[in-house]
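**Student:** Build me a structure from this.
(one chain, ligands or ions: 1)
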Amino acid sequence: MKNKLEEIRAKSLAAIEEALDPGALDAVRVQYLGKKGSLSAVLKQLGSVSPEERPAMGQLANEVRAKIEAALNERGKALQDALLERKLREETLDVTIPGKSVETGAKHPLQIVWDECVDIFVGMGFQVAEGPEVELSTYDFDKLNIPEGHTVREWTDTFYITEDEKVHLRCQTSPVQVRVMEQQKPPIRIISPGRVYRKDEIDATHSPMFHQLEGLVVDKGITMGDLKGCLDVMLKRLYGPETVTRFRPHHFPFTEPSCEVDIQCFECHGAGCRVCKGEGWIELLGAGMVHPKVLSGCGIDPDEYSGFAFGVGLERLVMRRFSISDLRLLFDNDVRFLRQFS
Ligand code: PHE
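**Tutor:** Next up, the predicted model:
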């Protein structure tokens, strides 16, 4: 029996040393210490040992059990430690590795001026209104008092979408005025920036797609003085407090009276130079008092209300603002150009 116990001790200790993972170790435990394990099998024979030898055998069996248990614990702990060690090694995160840098772009110069204009007008209590770029001729022409036969209605000027000339790419932002006046009753104060389309040849100052910013104010007692004050504020905010503005009579079918607004040339201060082509002034935008026909066409009584409107080409504002001499730069998407605005 003594030999048997010693054999169990030797074999189990060797098996414990060889167990490479907790599962294998547990199998060893069951094999030697389990209810049906080798040690139990030997202990069952203790009854057949002579009474003199029995205590010594019992003691030896206990020693063997204790030894095996201690070895199992020790090996188990070692395996756990190794496992943790490996996990730590495999899952390490090197916080010192430099991160991937995300390149931030720059606001497009058009967007810069667009946002500035919105800020200026929102500061004066205006709301931003939007309208469709694919527009009905009713809104872009008829309700703006632009008669049949007017040159802008020609196929050579306007991108028609339908053969019957009822739908086209809007050639101005002014139809937004009509859409707003049909929906809202005065007081109205809106601006509407957006894309417009005309069949122009591309050159340094023309593009078949460009941007306008429309403005509209309708209320009781609105006068040309309000129009002048409002535009004066806008241009001074955009170009600096020394900016000098000039209002010149003009004609638009949807405003009466109408005017064009110039700023004094910042280069020659009115004397005439290359920048202003000898004029001393630079033309910037169209404006006027909303035509009574347009008001009444939208259900607003022109005897009770009056209003002013203006429409300004954003590209022109941008080019003046950043001294850009060729409009095409704004649409070429050359990052070397665009990066300068970051
Ligand atoms: N829509 C006109 C244009 O495109 C500009 C304008 C707007 C003029 C509002 C007067 C009033 O030229």
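
**Student:** Just give the nearest non-adjacent residue to residue 42, would you?
**Tutor:** Nearest non-adjacent residue to residue 42, counting by Cβ to Cβ, 6 or more residues apart in numbering: residue 4, 5.2 Å away. To be clear about C-beta, it is placed using only N, CA and C from the backbone, and glycine gets the same treatment.

**Student:** Report pLDDT for that neighbour.
**Tutor:** We have a pLDDT of 87 for residue 4.

**Student:** so which helix or strand takes in it?
**Tutor:** Using DSSP states H and E, residue 4 maps to helix 2-18.

**Student:** Please compute how far the next helix or strand along the chain from that helix lies from its chain's middle.
**Tutor:** Once helix 2-18 ends, the next helix or strand along the chain (criterion: DSSP H and E) is helix 22-33. For helix 22-33, the separation from the chain centroid amounts to 60 Å (computed by Cα atoms, centre = their mean, to the nearest Å).

**Student:** what does the stretch 51-200 of the chain put close to the ligand?
**Tutor:** Taking Cβ under 6 Å from any ligand atom as the criterion, the neighbours of the ligand within the stretch 51-200 of the chain are 172, 174.

**Student:** Taking the stretch 51-200 of the chain, what residue is nearest to the ligand?
**Tutor:** Nearest residue of the stretch 51-200 of the chain to the ligand, counting by Cβ to the nearest ligand atom: residue 172, 3.7 Å away.

**Student:** now do the stretch 201-342 of the chain
**Tutor:** With Cβ to the nearest ligand atom as the measure, residue 311 is the residue of the stretch 201-342 of the chain nearest to the ligand, at 2.7 Å.

**Student:** Could you give the number of residues near that residue?
**Tutor:** Neighbourhood size, residue 311 [other Cβ atoms under 10 Å]: 23.

**Student:** SS state for it?
**Tutor:** Of the three states, residue 311 takes strand under DSSP: H, G, I helix; E, B strand; the rest coil.

**Student:** Please verify my assumption that it contacts residue 212.
**Tutor:** Yes: look at residue 311 against residue 212 with Cβ atoms under 8 Å: they come within range, at 5.3 Å.

**Student:** Next, show the common contact partners of the two.
**Tutor:** Taking Cβ atoms under 8 Å, 6 or more residues apart in numbering as the criterion, residue 311 and residue 212 both touch 172-173.

**Student:** if you go through this structure in chain order, where are the strands?
**Tutor:** For the chain, the strands defined by DSSP state E occupy 127-128, 134-136, 167-169, 188-197, 209-219, 245-252, 255-264, 281-290, 306-313.
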